[in-house]
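Colleague: Give me a model of this one.
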Amino acid sequence: MPANEILALAMFFAFIILVFTGFPVAWVLAGLAILFTAISIVASVDFGMTIGIDWAYTSITVERVWNVMENWVMVALPMFIFMGLMLDRSGIATRLMSGFATLFRGINGGLAVSVVLIGVLLAATTGIIGASVVLLALLGLPVMLEQNYNKSVAAGTVCAVGTLGILIPPSIMLVLMADRMAMSVGDLFLGAVFPGLLLSGLYVFYLLGHGLLKPADLPSSEIGGSFDTAALVTLTKAVIPPAFLIFAVLGSIFLGFATPTEAAGVGAAGALVLALVNGSLSKSILTDVVRETTRTTAFIFAILIGATAFSLVLRGLGGDELIERTLLGLPFGPTGVIITILLFTFLLGFFLDWIELTLIILPLVAPVVTSLGFDPVWFTVLFAVCLQTSFLTPPVGFAIFYLKGVAPPDIDAITIYRGVIPFIALQLLGLAAIFQWESLVTWLPSQAYGP
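Modeller: Numbers count the residues shown, from 1 in each chain. You can find the predicted model right below:
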């Protein structure tokens, strides 16, 4: 194996190892880019090896980062984050919980189904995993535990439903993927609609089935009064604001009235209006939301800068060619190559966050997928569904950590781990369905924009 490819492999595995040291990922990525550039120069000058990497090459990172910052699609990120955080403080979810709890009163697993439905609405308006998991934990977990729900099932439901925000549009992950893959955000948003609803439906059927087979785990509740006209009006009033915001954001994109960046501005303004109408807007809340938006955006862009430098050096060492040659050389055929990529991504999700996998792995495997003739939108959504499992898989399952931070003391990590296992299986089942039926992803974009 050539020296540059050996360095490429060493660089990749060094990244995986250094993730466990606790250093910020952005610093690890950028630091490895600098370190392996220096190693390449030493190997070339002192040992006469042909590596092809020097400081002039690595300095191209500045131009690459500038190109990213010039991309108007990326402007949508902070506005979508602001929209999600502001809605988190608007009080909408509290009214939704009350309305849905009344709707499913007397049904085994009804409270858990209510959490799923609220999570779907939150996913389509927030897209922030941490905010969704924490809000659902504070809102739904105590109610389920008071009704004697199995602790693992209740915890697993909150974790799994909270991760829907990373897939159901408007998703910040899909925005980043569109930028990395140089494709339309609107295509990805449309392609992810049915897969997101599919996963939500699988969750609902599982919870209702579990409640039917093991009623002691998910007992029926008597929360709220009977579901009458007044209750229906209350539920409708609770659903209309987030539904209106969803239509304003996604509808404007899908109907061609606005770009994703413009729609993100509409969403941010709409979240402010809803908070104001609900009496939840104050100077302190606005300050907290702006500060948290800045922090989250800075975190994402810091990793983006580090990943840009890392990917540039890795490509310069021939890492992309090595990966492409290895994947195309597998004796499994095109379908087997896709399965291998997804399996590798699933395993890496045990240790890496979705941001690193999106910024590093996805651009490396995308040329292989395209050369094999697969639809890039279908594969990107498939990759996104696979990444969703990374929030639930230990030891680095961020949804688990979010829940543990706000859960009652008697909900320990083992209880949460047991609870998320069935939902990981459901996510993999959904992944298999999307893999088998490509039209789940491609049909809606083809109807909206034509073939």
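Colleague: Now residue 18: phi and psi?
Modeller: The phi and psi values for residue 18, taken as degrees, to the nearest 10, are phi -70, psi -20.
Colleague: quick one: low-confidence parts of this protein?
Modeller: Scanning the chain for pLDDT under 70 picks out 1, 45-52, 88, 93, 126-128, 130-131, 222-228, 231, 395-396, 448-451.
Colleague: Identify the single longest helix in it, thanks.
Modeller: When the chain is parsed with DSSP state H, its longest helix is helix 283-316.
Colleague: If we ignore the residues flanking it in sequence, what's nearest residue 408?
Modeller: Closest residue to residue 408 apart from its sequence neighbours, by CB to CB, 6 or more residues apart in numbering: residue 145 at 7.1 Å. Any C-beta I mention is one placed from the backbone N, CA and C, and that applies to glycine too.
Colleague: Could you say which helix or strand holds that neighbour?
Modeller: Assessed by DSSP states H and E, residue 145 sits inside helix 129-146.
Colleague: Tell me the first helix or strand C-terminal of that helix.
Modeller: Heading C-terminal from helix 129-146, the first helix or strand you meet, by DSSP H and E, is helix 151-162.
Colleague: Distance from the helix or strand that that next one is followed by to the middle of the chain?
Modeller: Counting by DSSP H and E, the element after helix 151-162 in chain order, helix or strand, is helix 172-181. In terms of CA atoms, centre = their mean, to the nearest Å, the centre of helix 172-181 is set 11 Å apart from its chain centre.
Colleague: Helix 129-146 and helix 172-181, what's the angle between them?
Modeller: Counting by axes from the mean of the first three to the mean of the last three CA atoms, to 10 degrees, helix 172-181 lies at 150 degrees to helix 129-146.
Colleague: could you check the angle helix 283-316 makes with helix 172-181?
Modeller: Helix 172-181 and helix 283-316 are oriented at 30 degrees to each other (the same axes, to 10 degrees).
Colleague: Which helix or strand lies directly C-terminal to helix 172-181?
Modeller: Next along the chain after helix 172-181, taking DSSP H and E as the criterion, comes helix 185-213.
Colleague: Show me which positions of that next one end up buried.
Modeller: For helix 185-213, the neighbour count (16 or more other CB atoms under 10 Å) marks 185-196, 198-200, 202-204, 206-208, 210-211 as buried.
Colleague: sorry, back to before: residues making contact with the helix holding residue 145?
Modeller: For helix 129-146, the surrounding residues in contact (CB atoms under 8 Å, 6 or more residues apart in numbering) are 84-85, 88, 93-94, 97, 101, 111-112, 114-115, 118-119, 122-123, 126, 151, 154-155, 157-159, 161-166, 221, 223, 391, 398-399, 402-403, 405-408, 411.
Colleague: go on, stretch 53-66?
Modeller: With CB under 8 Å, 6+ apart as the test, stretch 53-66 has contacts from 4, 33-34, 36-37, 40-41, 44, 304-305, 308-309, 312-313, 316-317.
Colleague: And stretch 113-121, by the same measure?
Modeller: Residues outside stretch 113-121 that contact it (CB under 8 Å, 6+ apart) are 93, 96-97, 100-101, 103-104, 107, 132, 136, 139-140, 144, 157-158, 161-162, 164-165, 168, 196-197, 200, 203-204, 207-208, 239, 242-243, 246.
Colleague: what about burial for these, which qualify?
Modeller: Among the contacts of stretch 113-121, those buried by neighbour count (16+ other CB under 10 Å) are 93, 96-97, 100-101, 103-104, 107, 132, 136, 139-140, 144, 157-158, 161-162, 164-165, 168, 196, 200, 203-204, 207-208, 239, 242, 246.
Colleague: Near the closest residue to residue 164 other than its chain neighbours, how many other residues are there?
Modeller: Excluding its sequence neighbours, the residue lying closest to residue 164 (CB to CB, 6+ apart) is residue 123, at 4.0 Å. Look at residue 123: counted by other CB atoms under 10 Å, it has 28 neighbours.
Colleague: contacting residues around residue 123?
Modeller: Neighbours of residue 123 in contact, by CB under 8 Å, 6+ apart: 132, 164, 165, 167, 168, 196.
Colleague: so can I have a markdown table of the residues you listed showing distance to residue 215?
Modeller: Below are the contacts of residue 123 laid out as a markdown table (distance: CB to CB, whole Å):
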| residue | distance to residue 215 |
| --- | --- |
| 132 | 28 |
| 164 | 26 |
| 165 | 30 |
| 167 | 31 |
| 168 | 30 |
| 196 | 29 |
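Colleague: Surely residue 398 is in contact with residue 391?
Modeller: Yes - with contact defined as CB atoms under 8 Å, residue 398 reaches residue 391; the gap is 5.3 Å.
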